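Undergrad: What follows is a predicted structure for the sequence shown.
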Amino acid sequence: MFVLFAELVLHLGWVFAAIVAGWALRYIHSAKGRARMADLADRLDRNGAFEALKPN
C-alpha cells in the first residue's frame, strides 16, 4: 500500500514540476519576462556581480 502511495506522490510531483517549468518558460519568453530579465542582468552588472565571470 505504501509503495503505491509513494509512486502516486512521485508522479504527481513530476506533473507539478512540468507545469511549473512550462509556466516559467512561457513567462521568461514573453515580452514582460524578457524585459524583467534584461533589467535584472543590467542591475547585476552595475553591482559588479559579473566581474568574476569576465576574462582578464
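TA: Yep, it's here. Everything numeric in this text was worked out from a predicted model, so none of it was measured.
Undergrad: Please count neighbours and contacts with C-alpha atoms only from this point.
TA: Will do.
Undergrad: What are the boundaries of the helices in the chain?
TA: Taking DSSP state H as the test, the helices found in the chain are 2-28, 31-46.
Undergrad: Export those helices as TSV, with columns for mean pLDDT and distance to A52.
TA: Output for these, formatted as TSV (pLDDT from 0 to 100; distance: least, Cα to Cα, whole Å):
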stretch	mean pLDDT	distance to A52
helix 2-28	90	25
helix 31-46	88	11
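Undergrad: okay if I get these as CSV plus distance to K54 and mean neighbour count?
TA: What follows is the helices of the chain, written out as CSV (distance: least, Cα to Cα, whole Å; neighbours: other Cα atoms under 10 Å):
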stretch, distance to K54, mean neighbour count
helix 2-28, 25, 11
helix 31-46, 11, 12
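Undergrad: And the residue nearest the centre of the protein?
TA: The structure's the chain has its C-alpha centroid closest to A24; by Cα atoms, centre = their mean the separation is 5.9 Å.
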